[in-house]
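Q: What follows is a predicted protein model with its sequence.
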There are 2 protein chains.
Amino acid sequence: MTAGLPPTSEFDTQTAVTAQGEGRYAADLAAGWKVGGGLNGGYLLATLGTAVRAELAERGKPDPLVISAYYLSAATAGPAEAQVGVRRDGGRVATVAADLVQDGQTRITALATFGDLARAADDVRTTAVEPELPPLEQCVRNTDAPPEVRTMAPLMERFDMRFAPESAGWAVGAPSRRGEIAAWFRLHDDREPDPLSLLLVVDALPPVTFDLGLMGWAPTVELTAHVRARPAPGWLKVRHATRNLAGGMFEEDCEVWDSSGRLVAQARQLAMVPRGA
Amino acid sequence: MTAGLPPTSEFDTQTAVTAQGEGRYAADLAAGWKVGGGLNGGYLLATLGTAVRAELAERGKPDPLVISAYYLSAATAGPAEAQVGVRRDGGRVATVAADLVQDGQTRITALATFGDLARAADDVRTTAVEPELPPLEQCVRNTDAPPEVRTMAPLMERFDMRFAPESAGWAVGAPSRRGEIAAWFRLHDDREPDPLSLLLVVDALPPVTFDLGLMGWAPTVELTAHVRARPAPGWLKVRHATRNLAGGMFEEDCEVWDSSGRLVAQARQLAMVPRGA
């Protein structure tokens, strides 16, 4: 690293893309984001978001406002390509189609609208209630997770997560069965949150089905994230909940609150109930 | 109409598409679905869904499981074309990209995963609570809406909606300001609900911002709908809520419950706060 430059975070380094021209961006997916049968969906989404930001760099629309991703096949560590096409640039916002492709297979196909959150109106009329979490030191650390969970999810080493004790029962075989997991969240190297990292955060916690006693990987079919504000520095609060497990699928709602108490992202995914559950 | 054939509903007639080959389908958008500055987004979504179903007809995947639509420009009555491309057919489900194009402009670009809800697992573990609505006869009918609302929204004539009285205050200048609208819902010709018509239903009620006292058209940026079960015949209950109006945008969550008390669809959209509000 060149002296005098700020250190580069793991997240920035490992979601980086290199322009290849004509909307194509080379990525190198890192093995540390592995979980279950592939790389974490939030990591892939943030990488794809990085390519979209690059493609829109000249247009003054750096921030994802909304992105919808369909997960078509499991990604593995190694080279991949993001392909971004602008579908409409309406001035204030631009909508793109973006694919993440690897070994000739589409891993994710997505649509997204980007804009500039710094230019958003300053009205805030949030009636959603910020999750109450015990102080950090009273929470359960992800690094306390049982070895079998940590082996299945090297992903967890990327984060400093502090689970509300009532959300962590699954780790000791006593899930609350409320269908809710809430935790404090930071990247393990203290890289501060921004709109792109929020795309990772919305799919970073263990599947909410753990809290229903359904251990195992829950493949995402589709995930849509709304990024509603640039997050303040510091710890985030992340809450996952499901209210409709049926027909072999479940919805997982995610809220991300920043250290100023603002609801900065809302996401919902449709995922498959773990097999054998 | 030929004697002996069942009458064809308005919904089926006006969302019908004609195959043109190579994933292209001709549609004729009907003026009766107009609201505010264009045709209703749910009507367009159902029309696009009809084209996707047609494209997948040989594959045994008749039902939308999830669809994400980005609204790029306002549609008008008249000819339009749906363009459907299969991105992946994984056996149980297929994912498509689908556009609705009119006058050379893309109105909606969408991604969707279709499957067969009749083959879904029969587990139902819903913890969401069905909305409580007063009996039909104690509710406020959409046909009682003030003339200025009915003029702005010919759309409303397509439906038989019965609003919970506490959700209808906006119609007489006294919104509840809870950010919630709930109503009984049927198509006005009693056409029974199915997974495709649910794509209409999730965007059929007035914008939830009416209940915040923000009258006016709230353009949808993106809408994602999960269809979780084939609905039973009869009245539906539809509930819209918003909990995060901020930065000039708001999320609108929609639940649709069928007459058997099952949560059959969940949708969320990101929309723009009406101008001047």
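A: In hand now; what should we look at?
Q: do stretch A:208-222 and chain B meet?
A: Yes. Using C-beta under 8 Å from any C-beta of the partner chain, stretch A:208-222 reaches chain B at A:212, A:221-222. In short, each C-beta sits where N, CA and C put it, glycine included.
Q: any residue of stretch A:72-92 up close to chain B?
A: Yes. Interface with chain B: stretch A:72-92 contributes A:72-73, A:87-88, A:90 (C-beta under 8 Å from any C-beta).
Q: Give me the subset of the residues you listed lying in helices.
A: Using DSSP state H to define helices, no part of the residues of stretch A:72-92 next to chain B is located there.
Q: Among those residues, which one is most surrounded by other residues?
A: A:L72 (20 neighbours; other C-beta atoms under 10 Å in any protein chain shown).
Q: Name the nearest residue to that one, sequence neighbours excluded.
A: Counting by C-beta to C-beta, 6 or more residues apart in numbering or on different chains, A:L72 lies nearest to B:R88, which is 4.6 Å off, once chain neighbours are set aside.
Q: How about A:A225?
A: According to C-beta to C-beta, 6+ apart, the nearest residue to A:A225 is A:A267 (3.9 Å).
Q: got the contact list for A:E251?
A: Contacts here follow C-beta atoms under 8 Å, 6 or more residues apart in numbering or on different chains; on that basis A:E251 touches A:242-244, A:268-271, B:226, B:266.
Q: swap the cut-off to 10 Å and go again
A: Contacts for A:E251 were tallied using C-beta atoms under 10 Å, 6 or more residues apart in numbering or on different chains; they are A:208, A:222, A:241-245, A:268-271, B:66, B:128, B:226, B:228, B:263, B:266, B:268.
Q: any idea which helix or strand comes after the helix or strand containing A:F250?
A: Using DSSP states H and E, the element containing A:F250 is strand A:249-257. Following strand A:249-257 in sequence order, the next helix or strand is strand A:263-272 (DSSP H and E).
Q: and A:A26, backbone torsions?
A: As for A:A26, its main-chain torsions (degrees, to the nearest 10) stand at phi -90, psi 140.
Q: right, and it touches A:A19 too?
A: Yes. Look at A:A26 against A:A19 with C-beta atoms under 10 Å: they come within range, at 8.2 Å.
Q: list residues touching both of the two?
A: Shared contacts of A:A26 and A:A19, defined by C-beta under 10 Å, 6+ apart, comprise A:A51.
Q: low-scoring stretches of the stretch 1-150 of chain A, by residue?
A: A:1-7 (pLDDT under 70).
Q: ranges for the helices of it?
A: Per DSSP state H, counting those that start in this stretch, the stretch 1-150 of chain A has helices spanning A:10-14, A:41-55, A:147-152. These are given in chain order.
Q: Just say which of those is most tucked in.
A: By mean neighbour count, with neighbours taken as mean count of other C-beta atoms under 10 Å in any protein chain shown, helix A:41-55 ranks first of the helices of the stretch 1-150 of chain A at a mean of 26.
Q: Just the CA coordinates for that helix, please, in PDB.
A: Below are the C-alpha coordinates for helix A:41-55, written out as PDB (Å, rounded to 0.1, in the frame of the first residue of the first chain):
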ATOM      1  CA  GLY A  41     -26.200 -13.000  -1.900                       C
ATOM      2  CA  GLY A  42     -25.700  -9.700  -0.300                       C
ATOM      3  CA  TYR A  43     -22.000  -9.700  -1.300                       C
ATOM      4  CA  LEU A  44     -22.900 -10.500  -4.900                       C
ATOM      5  CA  LEU A  45     -25.500  -7.700  -4.800                       C
ATOM      6  CA  ALA A  46     -23.000  -5.200  -3.500                       C
ATOM      7  CA  THR A  47     -20.600  -6.200  -6.200                       C
ATOM      8  CA  LEU A  48     -23.200  -5.800  -8.900                       C
ATOM      9  CA  GLY A  49     -24.100  -2.500  -7.300                       C
ATOM     10  CA  THR A  50     -20.500  -1.400  -7.500                       C
ATOM     11  CA  ALA A  51     -20.600  -2.100 -11.200                       C
ATOM     12  CA  VAL A  52     -23.800  -0.100 -11.700                       C
ATOM     13  CA  ARG A  53     -22.300   2.800  -9.800                       C
ATOM     14  CA  ALA A  54     -19.300   2.700 -12.100                       C
ATOM     15  CA  GLU A  55     -21.500   2.600 -15.200                       C
END
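Q: Now do the strands in the stretch 1-150 of chain A.
A: In chain order, the stretch 1-150 of chain A shows strands spanning A:17-21, A:24-29, A:34-35, A:38-39, A:63-71, A:78-89, A:94-102, A:105-115, A:124-126, A:140-141, with DSSP state E, counting those that start in this stretch as the criterion.
Q: Adding distance to A:P147 as columns, could you present these in CSV?
A: Putting those into CSV (distance: least, C-beta to C-beta, whole Å) gives the following:
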stretch, distance to A:P147
strand A:17-21, 34
strand A:24-29, 25
strand A:34-35, 15
strand A:38-39, 21
strand A:63-71, 28
strand A:78-89, 26
strand A:94-102, 30
strand A:105-115, 29
strand A:124-126, 40
strand A:140-141, 14
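Q: Perfect, I'm done here.
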